[in-house]
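*Asks:* have a look; sequence and predicted model below, questions after that.
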Amino acid sequence: MNSTPQPEAARPGTASLIPVFVQLKLSLLRNGLQQSSRRKAVYVTSIVLVGLFTALELLGLIALRGTAHMAALTTLLVVVLALGWAVMPLFFASGDETLDPTRLVMLPLRPVPLVVALLTASLIGIGPVFTLAIVVGSVVATANGAAATVVGVLAAVLVLLVCLALARAVATANVRLLTSRRGRDLAVLSGLIIGVGMQFVNIGVQRLGAAGGLRALAPVADVLRWVPPGSAMDAVRAAGEGSYGVAVAELALTAAALALLLWWWQRSLTRLMTAPDSSTLQASTEPDKARAQRPGLASVLPTGRTGAVMVRSLRYIWRDPKTKTAWMSSLTLGLLVPMLNAAQGHGSLYFAFFAPALLGMQMYNQFGQDTSAFWMVLQTIASARDAYVELRARALALSLIAVPYVTVAVTGVAAVTREWRSLPEVLGMSFAMLGALLGTGGMTSALFPYSIPQDGGFKNVAPGQAGIAWLSLFGGLLAGTVVCSPLIALTIWLHVSANLGLMWILLPLGLAYGFCAAWLGLRLAGPRVVARLPEILLAVSKG
């Protein structure tokens, strides 16, 4: 028997791994499309839309060729592309199974050949093609002369490799996060973050047009041209102007950044594939008694049913992905919409009503977030008093966040718009609206419950219940406005009668009015919850 160990050269090398990983990427893509016709349709639609957008971008960049300060735009564009590649794995890691190197832990692979093979496989996909097209268009728009063209070819390759290596390095360094519950929360929140980012891009474009075109980008480009991979794109401009030393230095800077990213990626791979999961070790070695002695927020909340329900509601907000998404959307848009309008010069303090309206609507469909687990809540409700305490505790948990947030939001908008005189009335009306929505939200939770699917998708209403959801939201919002109508009428009368000196009374009056509206609404909702417990359980269990 020959017991000679296998030579070192017998292990898989770079040349043998590259075709394997390329075939793996193609197989994953093909098998994913064969799972359902819907997924295939979405992929084809994505190709068409990205292709059209890429064509428009290329035509726009080529049309701007020769424009003054064009290099400033292309340098900024490349840096934004790299930033997008850096954050993309944090939100869309589940879209590419090869981003998870833990699947390869049991294979006898060395880090260096693995890095090269994975980087080569990363060239396959819509994203790399789109990036390459934009970079080539930027080179065409910036290059001036043969030397600049040669430098542009090198710059395009370096920019593409930096973007791909950056995405892979970030994904590998955060793979424990991306495969955990927090990573799934990030994926759910991606739509919100992208939407908010587009609002800032829109404002930037408007300001750019008002500031005299591309000239306004020159100060930013002077800084970003020494930030890889923007430095590689600026090297095209430098070569076209005859500054060959600067061009070589900028290309070398991008090449050094690529080498540093590859080294970081290799170190992360080595650590990931050889070290145990520290979170698992901590969980297995931490004494149960120590964990049990951490009361946290429960120590400052009321005792009994009220405190227990408040803790549960707050944990839903923090841990449930869809509940967290709804809250983050409301918190962001409630402040972003009035602030954006105020920043553009045509805002009003009354836009701050977005904050109480969006947060108050979180009270609607309270039992839907329990899904089929509502049967455990059902078993604890034996009377209208129990139902009222349940709803009151949920409203209190919501108020712990909503009341300080509304105060800060309205005051912040007042500081931006400088409408300090209107602050008492708007703040008082905001508290009244919040209380009215808490009361009507308790009622609609009892009368129009619906299920929230828990399959990880983006649907927030079970099939067949969309009509109930719209009726609950818009009907409850209309009812909340009607509840606030006496205070609205008083505000209008004070304005019409020119009694502006009495506007300050709307602040304490609105606070008291909102408290009474919430208390009355929850009181009336309690008996209806008790009477409709079986119907509520059936409605929220369909998702």
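*Replies:* Sure, I can see it.
*Asks:* how's this structure carved up into domains?
*Replies:* Here the domain parsing of the chain from automatic domain parsing is 13-274, 299-540.
*Asks:* any chance of JSON lines for these, columns mean neighbour count and mean pLDDT?
*Replies:* The way it works is simple: take the backbone N, C-alpha and C, and place the C-beta from them, glycine included. Below are those laid out as JSON lines (neighbours: other C-beta atoms under 10 Å; pLDDT from 0 to 100):
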{"stretch": "domain 13-274", "mean neighbour count": "17", "mean pLDDT": "78"}
{"stretch": "domain 299-540", "mean neighbour count": "19", "mean pLDDT": "84"}
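*Asks:* now the helices for the stretch 1-150 of the chain?
*Replies:* Remark: helices assigned in the stretch 1-150 of the chain by DSSP state H, counting those that start in this stretch are 14-33, 37-63, 70-92, 111-121, 126-142, 146-173.
*Asks:* nope, the stretch 401-543 of the chain is what I meant
*Replies:* 423-447, 466-483, 485-496, 506-531, 533-540.
*Asks:* so which of these gets nearest residue 82?
*Replies:* With C-beta to C-beta as the criterion, residue 82 lies closest to helix 466-483 of the helices of the stretch 401-543 of the chain, at 40.4 Å.
*Asks:* of the helices of the stretch 401-543 of the chain, which is nearest residue 59?
*Replies:* Comparing those by C-beta to C-beta, helix 466-483 comes nearest, at 40.2 Å.
*Asks:* list the helices and strands that closest one packs on?
*Replies:* If contacts are counted by 3 or more C-beta pairs under 8 Å, 6 or more residues apart in numbering; DSSP states H and E, helix 466-483 sits against helix 423-447.
*Asks:* who wins for proximity to residue 357 among the helices of the stretch 1-150 of the chain?
*Replies:* Nearest to residue 357, of the helices of the stretch 1-150 of the chain and by C-beta to C-beta, is helix 70-92 at 27.7 Å.
*Asks:* which of the helices of the stretch 401-543 of the chain sits closest to residue 126?
*Replies:* Among these, helix 466-483 sits nearest to residue 126 (C-beta to C-beta), with 31.4 Å.
*Asks:* pretty sure residue 362 contacts residue 327?
*Replies:* Yes: if you go by C-beta atoms under 8 Å, residue 362 and residue 327 touch, sitting 6.4 Å apart.
*Asks:* on that earlier part again, and the helices of the stretch 1-150 of the chain: which comes nearest residue 104?
*Replies:* helix 111-121 (7.1 Å).
*Asks:* the inter-axis angle of the closest one versus helix 14-33?
*Replies:* Here the directions of helix 111-121 and helix 14-33 differ by 50 degrees (axes from the mean of the first three to the mean of the last three C-alpha atoms, to 10 degrees).
*Asks:* tell me the angle of helix 111-121 relative to helix 146-173?
*Replies:* Orientation of helix 111-121 against helix 146-173 (the same axes, to 10 degrees) gives an angle of 120 degrees.
*Asks:* by contact count, what packs against helix 111-121?
*Replies:* Helix 111-121 makes packing contacts with helix 14-33, helix 146-173, helix 244-274 when contacts are defined by 3+ C-beta pairs under 8 Å, 6+ apart.
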